[in-house]
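A.B. asks: Sharing a model prediction with you, sequence too.
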6 protein chains.
Amino acid sequence: KPRFSNEIYKSVDIPGVAVGLAWTAVGGDILFIEALLSEGKGELKLTGNLGDVMKESAMTALTYVKANAKKLGIAIEDFSKKNIHIHVPEGAVPKDGPSAGITMLSAITSAFTGKKLLPFLGMTGEITLRGQVLPVGGIKEKVLAAKRAGLKQLILCAENEKDIQEIEPAFIKGLKFHYVTKMEEVIQMAISK
Amino acid sequence: KPRFSNEIYKSVDIPGVAVGLAWTAVGGDILFIEALLSEGKGELKLTGNLGDVMKESAMTALTYVKANAKKLGIAIEDFSKKNIHIHVPEGAVPKDGPSAGITMLSAITSAFTGKKLLPFLGMTGEITLRGQVLPVGGIKEKVLAAKRAGLKQLILCAENEKDIQEIEPAFIKGLKFHYVTKMEEVIQMAISK
Amino acid sequence: KPRFSNEIYKSVDIPGVAVGLAWTAVGGDILFIEALLSEGKGELKLTGNLGDVMKESAMTALTYVKANAKKLGIAIEDFSKKNIHIHVPEGAVPKDGPSAGITMLSAITSAFTGKKLLPFLGMTGEITLRGQVLPVGGIKEKVLAAKRAGLKQLILCAENEKDIQEIEPAFIKGLKFHYVTKMEEVIQMAISK
Amino acid sequence: KPRFSNEIYKSVDIPGVAVGLAWTAVGGDILFIEALLSEGKGELKLTGNLGDVMKESAMTALTYVKANAKKLGIAIEDFSKKNIHIHVPEGAVPKDGPSAGITMLSAITSAFTGKKLLPFLGMTGEITLRGQVLPVGGIKEKVLAAKRAGLKQLILCAENEKDIQEIEPAFIKGLKFHYVTKMEEVIQMAISK
Amino acid sequence: KPRFSNEIYKSVDIPGVAVGLAWTAVGGDILFIEALLSEGKGELKLTGNLGDVMKESAMTALTYVKANAKKLGIAIEDFSKKNIHIHVPEGAVPKDGPSAGITMLSAITSAFTGKKLLPFLGMTGEITLRGQVLPVGGIKEKVLAAKRAGLKQLILCAENEKDIQEIEPAFIKGLKFHYVTKMEEVIQMAISK
Amino acid sequence: KPRFSNEIYKSVDIPGVAVGLAWTAVGGDILFIEALLSEGKGELKLTGNLGDVMKESAMTALTYVKANAKKLGIAIEDFSKKNIHIHVPEGAVPKDGPSAGITMLSAITSAFTGKKLLPFLGMTGEITLRGQVLPVGGIKEKVLAAKRAGLKQLILCAENEKDIQEIEPAFIKGLKFHYVTKMEEVIQMAISK
Ligand SMILES: [Ca+2]
Ligand SMILES: [Ca+2]
Ligand SMILES: [Ca+2]
Ligand SMILES: [Ca+2]
Ligand SMILES: [Ca+2]
Ligand SMILES: [Ca+2]
Ligand SMILES: [Ca+2]
Ligand SMILES: [Ca+2]
Ligand SMILES: [Ca+2]
Ligand SMILES: [Ca+2]
Ligand SMILES: [Ca+2]
Ligand SMILES: [Ca+2]
């Protein structure tokens, strides 16, 4: 029985929450990026036992969203009148690396627009300030974890398509893959209309 | 003679204080989370020999309370006009981990609403920004410590129910368990009306 | 000849100074907590080669005093218009631990009220934000040092009374003990009227 | 097939992005410096797993651009009304050293003027506050990587010309070299009119 | 020929400079504490390769001077309208410990009052916030260094008198000692009228 | 052919740049201190892979210049309306120690007055807040490096004259030495009229 179907689906069915894929010492796993706004002066708080590179991913995603606010339908004043807190649960587990970039991007965009992400959607990919999605490692382990957790579609960097082709098809039956090269494709695809 | 009955009951019978369960090198123990407001500019002070993950739990709980202020009956201005100091006594003992999350949440909510927690109540569970309660480890040791200390009811994550079922019933006779999945259930149950 | 009688008595006969008891590698000792106000913006400065836990004791004491200002007869504005500097002399000796809590409390309260502490009084005990006094270790060594230094009365946590009862009575002849459980008892007893 | 031609050309065809050359443990590589402005108060954010010396290069470049704003056609108020975020992708790879100086300079100038850099252009060289370009190491490895990536012209310090002359000409056929001694020559040559 | 007589005398013949005694790995030495005011907002800058305890001595001295400003003839506004920079020359040598306390005190008082210290005067002693002077170590080595350097009078803590009595009188012929217990005696004696 | 004559002469022929002498693991070298002002609020930025002692030299020089602004012909408001960035090129080389003090002083004074330093001039010496120049080590290696680089005159501390007298005269033929004891002599001699 997929672990995700009921409980998890409901828990992520609010704006600001995105599902990522992680590659840990004990195999692949899914992880949740939670972004929550509150009244403030534009501060970014980061919690969840995150390493420096993962914190930089969040900063990079936030700058991108801010610089593209108009296109994304976000009022620019919100960045100076709100604080944004990004948390990644399971505080006992240290987390690092750049691969949560598009998940950070999606969670932040969702929090500021108030629009939820699509259900049963996971993603993994590094981001750049100029809007690209870069490939990441551990794809096989991450994708199998996504399948076990009951996710139904995944967003990956186009350069990671070759990693999917090396997986036995039976193992990922029922999973739909979206290959992207730009961050705006991620937002287009992940954020509900 | 339960250690908790008199002295401890009185000591926690004020707003801002919640009783948690800890799992230390020498077995389970109870711990107290104390939240105290003072005039200020919205600063959070954390003391009590706390590790980074435990500090992040407090930050996460505070953001959640702030974002749900209205629902909780807290005036939003209080977050910018008060400082909140969270202290965990027994400064000689280093403390860490995410399991005090719901205890932090309860203490902060109690401090801001001015409503006390129920008496003889303990709790343990990790929190997320989106309002979930996550399971934690060391349940058997924590629960036995709660019993020894004279606590009468405990709030745990629903996913920790299986850990309770593995404990010899005689050992926990008289203890009432509340299993929750959401942070609002914790507040509903823990904060006096 | 007790070292304390003349010189030390005079040196502590001013508001803001309290005498604590320390337990060091080379046995017990007395220590002085000095709190001095100056014009400022509410900053807390801590000096004297203090470890993190001892610094947290000072922060905790200050928050308690601030939250109980009215009851203690302190104008609340003073906390934002004054800086408070707490120094513990003998900078060559590293100091740490929570046991100077009630001494910090007494020194801070004395500094803000302008009332001196009683003469020949020493104290040791951890504090909590909710106003309790907790027991501390090294009681025997601390009390013998207090005796040697010429102190005449000591404030201890009630839970430390058993440690006093284990000391040969002749060694502590002439010392009067006050056992407390609450921080307000400390202030009541220590601060001159 | 040169890796750069399509995808990369397009990805850098926006203001604020410059292509540098890096010398890593596994040989030469190209790297991208991305500079992005947003509303703010003049803060500089640096991400991408950068070491202290590389961060100092960015600070030095920014001060130079600020001090020469008028000559470069940048409104001086922009430095206090905008934040600038500089990111170097591939967060999993630590990056350090002063050799990205002229690339930082070009990216920052491009971001503030809104003018793109020339296409298929790479560069490497240390900068100084007084406007010089200094030679850097690893030229052979860097240049071969530039060639593999499909770059067509490179800006180098004049003192690095001797390093180019030691490379077998066939290896760098089709690459055009620009040797400079001053930072204003870099800007003159790199920024599109 | 005493090293101090000419050059050094002149170099310290300005307000804000006091001569201390240090005890280093290679024996005793004199050191100079230089305090210089400039327009500012009340910041304290500390340079000269100073350890934490020595920095704390400077902070403690400054708080004492501020709290006793009126008695010392210093306008209280100066502490918020001036910055004070304290430097201890010979940056290649790490310096630490509490023994420069009275020298810091003298230099700061001299800088704020504009009155010079007496010539050929050295001093060593720890300070407290309540105005005491405490004894320090290395007296013999320090005093011999003072003699070699051409100093003529020294201020020491009264509790260090016994250390002077253990020195062969011929070695310290011509040196005059002032033994003090309070910081106000130091200022009284050290600062020119 | 002296390396300095053309290129370097021109590169330092602007206000804010001074030539120092360094003593490194691989022998003596010249180094450049670059000071550049920009609109700001009085911040000091320090880059170039500098150790703490060298950073303290820059802070000390800046305080001295600020405190002597009037005498040096600098408007006191400039220290609060400008930022000053001090950079020492060759970021790959860690630099430390107090010997660049007079070079920092000269560069800062030159930047604030807008007056250039004399051409072909190098210098080395520690500074104090009271305006002295102190001797430094590695004189022989530094001076030979200055000669190789084409410098024509050097400013040294008077106490370093003995180190020059130990060098074979033929090695330093054509180099003119200026021995100083005060920082105002350095400025007098180094800054063009
Ligand atoms: Ca998991
Ligand atoms: Ca991910
Ligand atoms: Ca306990
Ligand atoms: Ca707990
Ligand atoms: Ca002692
Ligand atoms: Ca104590
Ligand atoms: Ca690469
Ligand atoms: Ca480069
Ligand atoms: Ca010396
Ligand atoms: Ca001294
Ligand atoms: Ca060099
Ligand atoms: Ca130098």
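C.D. replies: Yep, it's here. Ligands and ions are numbered 1, 2, ... in the order given.
A.B. asks: Next SSE downstream of the helix or strand where A:Phe32 lies?
C.D. replies: Using DSSP states H and E, A:Phe32 sits within strand A:27-39. Later in the chain than strand A:27-39, the nearest helix or strand by DSSP H and E is strand A:44-47.
A.B. asks: Pairing partners for that next one, with directions?
C.D. replies: Using DSSP bridges, strand A:44-47 pairs in its sheet with strand A:82-87 (parallel).
A.B. asks: pLDDT of the strand it pairs with, averaged?
C.D. replies: On average, the pLDDT along strand A:82-87 is 98.
A.B. asks: Repeat that for stretch A:180-193.
C.D. replies: 95.
A.B. asks: what about stretch A:15-27 and chain B, any contact?
C.D. replies: Yes - interface with chain B: stretch A:15-27 contributes A:Gly16, A:Val17 (CB under 8 Å from any CB of the partner chain). In short, each C-beta sits where N, CA and C put it, glycine included.
A.B. asks: chain center to that stretch: distance?
C.D. replies: Averaging C-alpha positions (CA atoms, centre = their mean, to the nearest Å) puts stretch A:15-27 8 Å from its chain's average.
A.B. asks: Which residues in it does the neighbour count mark as buried?
C.D. replies: A:Pro15, A:Gly16, A:Val17, A:Ala18, A:Val19, A:Gly20, A:Leu21, A:Ala22, A:Trp23 (16 or more other CB atoms under 10 Å in any protein chain shown).
A.B. asks: Just put those in CSV and tack on pLDDT.
C.D. replies: Compiled in CSV, those are given as follows (pLDDT from 0 to 100):
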residue, pLDDT
A:Pro15, 97
A:Gly16, 97
A:Val17, 97
A:Ala18, 97
A:Val19, 97
A:Gly20, 97
A:Leu21, 97
A:Ala22, 94
A:Trp23, 91
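A.B. asks: Show the overlap between those residues and what lies near chain D.
C.D. replies: Counting by CB under 8 Å from any CB, no member of the buried residues of stretch A:15-27 reaches chain D.
A.B. asks: restrict the residues you listed to those near ligand 2?
C.D. replies: For ligand 2, the contacts drawn from the buried residues of stretch A:15-27 by CB under 5 Å from the ion are A:Gly20, A:Leu21.
A.B. asks: TSV please, covering the buried residues of stretch A:15-27 and showing distance to B:Leu121.
C.D. replies: Formatted as TSV, the buried residues of stretch A:15-27 follow (distance: CB to CB, whole Å):
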residue	distance to B:Leu121
A:Pro15	33
A:Gly16	30
A:Val17	30
A:Ala18	35
A:Val19	34
A:Gly20	35
A:Leu21	38
A:Ala22	35
A:Trp23	40
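A.B. asks: of all the residues in chain A, which ones are close to chain B?
C.D. replies: A:7, A:11-12, A:14, A:16-17, A:32, A:34-39, A:45, A:47-49, A:83, A:85, A:87, A:89-92.
A.B. asks: And A:Met104, how far from D:Gly16?
C.D. replies: 21 Å (CB to CB, to the nearest Å).
A.B. asks: And A:Ala69, by the same measure?
C.D. replies: Distance, A:Ala69 to D:Gly16, using CB to CB: 17 Å.
A.B. asks: so what's the closest residue to ligand 6 within chain A up against?
C.D. replies: Here chain A gets closest to ligand 6 at one residue, A:Gly91, 34.2 Å apart by CB to the ion. A:Gly91 makes contact with A:Thr47, A:Gly48, A:Asn49, B:Val53, B:Glu56, B:Ser57, B:Gly97, B:Pro98, B:Gly101, B:Glu126 under the criterion CB atoms under 8 Å, 6 or more residues apart in numbering or on different chains.
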